[in-house]
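Undergrad: coordinates for the following, if possible.
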Amino acid sequence: MPDGRDQTPGFSFRATFPWMEIFRCFQVALDPRKLLVAAAGILTMSLGWYVLSAMFYYKAPDRSAAEYQTTAIDKDYQDKKKPGTDRNYTQEDLKEEAQRRYETDLAQWMVLADLAGPYGQTAPAQPGGAGLVRPPGRFRTMPWDEYRGPNPFLFVTSVIGGSAAERSDAISGFMSGSIPVLVEPLVKLLIPVTKMISPGVSPQTRFYLFLVLVWSLAVWAFFGGVITRLAAVQLANKGPVTFRQAVRFVANRYVNYLLSPLLPIGIIGAVALGLIVYGVLAMIPVVGDLVLLGLGLPLVILGGAIMAVFLVGLVGYPLMYPTLSVEGDSSDTFDALSRSINYVYQAPWHYIWYWLVAVVYGAAVTFFVLFFTSLMVYMGKWAVGLPPSAVHSDRKPEYLFIYAPESFGWKELLLKDSPYEVVHREVYSTTGRRVDVYQPVRPELDKQYRDEFWWYNTLGARMVGFWLALLFLLMLGFSYSFFWSAATAIYFLLRRKVDEAEPDEVFIEEDEPEAPLAPPKIADGTAAPAAPSTSLPVLSSPPVVPPPPAAPALPPIPLASSPPVVPPPPVPTTGPSAPAPLLPGGTPANGEEKPTA
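TA: Residues are numbered from 1 along each chain as shown. Reported below is the predicted structural model:
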């Protein structure tokens, strides 16, 4: 009979809504190992960008330079006719050509300056702000100085105690600054790609962007691979994996991790190069007009379609590293590329929905991490500053935070109501891009106090800035860790949707044994050495032991189940008696029989 319990399975949200598996990524991303790996990846990527920017950046073109004078232009156009006329170039024509060259070079420099410009660069005289100090370029800004929205602690205080206008501004700033941090790894990849195919970019700037892209992929091929490997084993519930095992796993397959996103970029570049050669040939009169572009325009469109397919397929770039981390030896570069593109094109709405859930959920948990970390730093600084406030106001510790990270408004929070207070302002780059920076509220007072620093004040402030930058990288690393963990979870969901594979199917490497499983094989005809008495027994048939020597004759032995019966001793007589003489044959003379064995 049934015992009365309901045997029907209970309702499971995760079985009904598989996308809820993404909610596990918060706990997965908080792994200290992933935070350290993400922080190291952010710092390595930024340092590489800084070096490349310093190598390729050059000063703005000078209008008074010799190359923009009519004498230099005259040498290039000497004995040449102006197009559409039969006359030579006049002085007015040469001046127009010199101005056109300068404006072209200036526009190309402005694009490079917006990407690789240093701190304190000054734009030349031009409409929209002559002599203004511009912010640093996108790829020359260190991660702790990049604007990422208002401080979460100040955001909460503004929403709770501010006016309606302050609430609106705070929410708008948070939506436009903090939420994009969740997809920052993807944005950092797509910015160089979109800039390379934009018009008005010089060949030198395009080569610089290509190197920036390659460096980014080289960095995250390793660091992103380690994070996705750790997340894959954890999400599949396959037991713990050590950090050393994850690093070794990625190092052995690093070429596949690197080439997976580079392959579609290489295909796009190859097709683009072929179309460039095609365009050069199309400049031939008649042949280009009628044959190459007239009849051969479908070839141009076909090349554009190939580039568009792979360019859109780069949206699936976050799936490439999880593919290699999950599939292991059964995957390679082409498998990772094909899976990422096929999953995007075969299940586009699922892919969009999964990322939408990841971004919304990630915004909430990222805000919590940012708020908690900011509150932790602020409360520690506030408690330390209470004694100086009551005893000696000149020893308040605000001056130790002058090198605090600007990103997420940390410097604004830690220097509030001090002589070094900063405020958020909007400036514009050389290309008109709005950039949010922090500047001193009272520059004269700030400079006056800084000039009074002793060497130990500056050194102490530098040391505090180092620890804050390290903590900031770990906090920022959470967004990268969550991104790659969510990408791994989304890969599991899409693989289950498209390939009907179970989510717990993940490649696990077997560690090599440290000792041989069997003794070495002995060559034929060689006797095995005798094992010492202290060695362990060999698993073989036991040796044949010879039987012990025959015991002397005994009385008949009873059954084994009962103990042997011992005959009672003889009853002694009154006097000793001599033994009976033996008859021939060994029989006593008294007629008793000799016992036999």
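Undergrad: so who does the residue nearest to the spatial centre of the chain touch?
TA: Geometric centre of the chain, nearest residue: G224, 2.5 Å, by C-alpha atoms, centre = their mean. Neighbouring residues of G224 by C-beta atoms under 8 Å, 6 or more residues apart in numbering: G41, P185, Y257, Y321, W484. C-beta coordinates here come from the backbone N, C-alpha and C atoms, glycine included.
Undergrad: ok, now with 7 Å
TA: G224 sits next to Y321, W484 when contact means C-beta atoms under 7 Å, 6 or more residues apart in numbering.
Undergrad: any idea how far R24 is from it?
TA: The gap separating G224 from R24 is 19 Å, by C-beta to C-beta, to the nearest Å.
Undergrad: what of I490?
TA: I490 sits 12 Å away from R24, going by C-beta to C-beta.
Undergrad: the two: who's more crowded?
TA: With neighbours defined as other C-beta atoms under 10 Å, I490 and R24 compare such that I490 has more, 25 against 16.
Undergrad: how about the helix or strand H424 falls within as PDB, C-alpha atoms only?
TA: Under the criterion of DSSP states H and E, H424 resides in strand 422-428. Output of strand 422-428 as PDB, limited to C-alpha atoms (Å, rounded to 0.1, in the frame of the first residue of the first chain):
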ATOM      1  CA  VAL A 422      36.000  68.100  -6.200                       C
ATOM      2  CA  VAL A 423      32.900  68.400  -8.300                       C
ATOM      3  CA  HIS A 424      31.600  66.600 -11.300                       C
ATOM      4  CA  ARG A 425      31.800  68.600 -14.600                       C
ATOM      5  CA  GLU A 426      31.200  67.900 -18.300                       C
ATOM      6  CA  VAL A 427      33.900  68.600 -20.800                       C
ATOM      7  CA  TYR A 428      34.200  67.700 -24.500                       C
END
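Undergrad: packing partners for that strand?
TA: Packing partners of strand 422-428 (3 or more C-beta pairs under 7 Å, 6 or more residues apart in numbering; DSSP states H and E): helix 410-414, strand 434-440.
Undergrad: what packs against the shortest one?
TA: Helices and strands touching helix 410-414, as assessed by 3+ C-beta pairs under 7 Å, 6+ apart, comprise helix 152-161, helix 348-384, strand 422-428.
Undergrad: with the last one instead?
TA: The criterion is 3+ C-beta pairs under 7 Å, 6+ apart, and the helices and strands that strand 434-440 contacts are strand 422-428.
Undergrad: tell me the average confidence for the strand it packs on?
TA: In this model, strand 422-428 has a mean pLDDT of 79.
Undergrad: and the next helix or strand past the helix or strand where the residue nearest to the centre of the chain lies?
TA: Using DSSP H and E, G224 falls within helix 203-235. As assigned by DSSP H and E, the chain's next helix or strand after helix 203-235 is helix 243-252.
Undergrad: now tell me what touches that next one from outside.
TA: Taking C-beta under 7 Å, 6+ apart as the rule, helix 243-252 contacts R33, F222, G225, V226, R229, L230, Y257, E509.
Undergrad: go again with 8 Å.
TA: Taking C-beta under 8 Å, 6+ apart as the rule, helix 243-252 contacts R33, F222, G225, V226, R229, L230, V233, Y257, S325, G328, E509, D511.
Undergrad: mind checking pLDDT for the last one?
TA: Meaning D511. 61.
Undergrad: the third one now?
TA: The predicted local confidence for G225 comes out at a pLDDT of 94.
Undergrad: give me the neighbour count for it.
TA: Number of residues near G225 (other C-beta under 10 Å) recorded here: 28.
Undergrad: which non-adjacent residue is nearest it?
TA: The shortest distance from G225 to any non-neighbouring residue, by C-beta to C-beta, 6 or more residues apart in numbering, is to V250 (3.9 Å).
Undergrad: swap in the first one?
TA: Here the nearest residue to R33 in space, its sequence neighbours aside, is F243; by C-beta to C-beta, 6+ apart that works out to 5.1 Å.
Undergrad: that neighbour: neighbour count?
TA: Neighbours around F243, by other C-beta under 10 Å: 15.
Undergrad: alpha carbons of stretch 469-484, as PDB, please.
TA: Only the C-alpha atoms of stretch 469-484 are listed here, as PDB (Å, rounded to 0.1, in the frame of the first residue of the first chain):
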ATOM      1  CA  ALA A 469      43.200  51.500  -6.200                       C
ATOM      2  CA  LEU A 470      43.700  47.900  -5.400                       C
ATOM      3  CA  LEU A 471      40.400  47.700  -3.600                       C
ATOM      4  CA  PHE A 472      38.800  49.600  -6.500                       C
ATOM      5  CA  LEU A 473      40.100  47.000  -9.100                       C
ATOM      6  CA  LEU A 474      38.600  44.200  -7.100                       C
ATOM      7  CA  MET A 475      35.300  46.000  -6.900                       C
ATOM      8  CA  LEU A 476      35.400  46.700 -10.700                       C
ATOM      9  CA  GLY A 477      36.600  43.200 -11.200                       C
ATOM     10  CA  PHE A 478      33.200  41.900 -10.000                       C
ATOM     11  CA  SER A 479      31.400  43.400 -13.000                       C
ATOM     12  CA  TYR A 480      33.900  41.500 -15.300                       C
ATOM     13  CA  SER A 481      33.600  38.400 -13.300                       C
ATOM     14  CA  PHE A 482      29.800  38.500 -13.400                       C
ATOM     15  CA  PHE A 483      29.900  39.200 -17.200                       C
ATOM     16  CA  TRP A 484      32.000  36.100 -17.900                       C
END
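Undergrad: in that stretch, what counts as buried?
TA: 469, 471-484 (16 or more other C-beta atoms under 10 Å).
Undergrad: quick one: contacts of it?
TA: 25-26, 29-31, 34-39, 41-43, 143-144, 181-186, 224, 227-228, 231, 318, 321-322, 362, 365-366, 369-370, 373, 377, 405, 407-408, 410.
Undergrad: from A305, how far off is the residue nearest to R33?
TA: 44 Å.
Undergrad: in the stretch 401-550 of the chain, which segments are predicted with low confidence?
TA: Low-confidence segments of the stretch 401-550 of the chain (pLDDT under 70): 430-432, 511-550.
Undergrad: which residues in it form helices?
TA: For the stretch 401-550 of the chain, helices defined by DSSP state H, counting those that start in this stretch occupy the ranges 410-414, 443-451, 455-498.
Undergrad: any residues touching the shortest one, and which ones?
TA: So the one you mean is helix 410-414. By C-beta under 8 Å, 6+ apart, helix 410-414 touches 151, 153-154, 374, 377-378, 381, 398, 401-402, 404-406, 421-424, 438, 468, 472.
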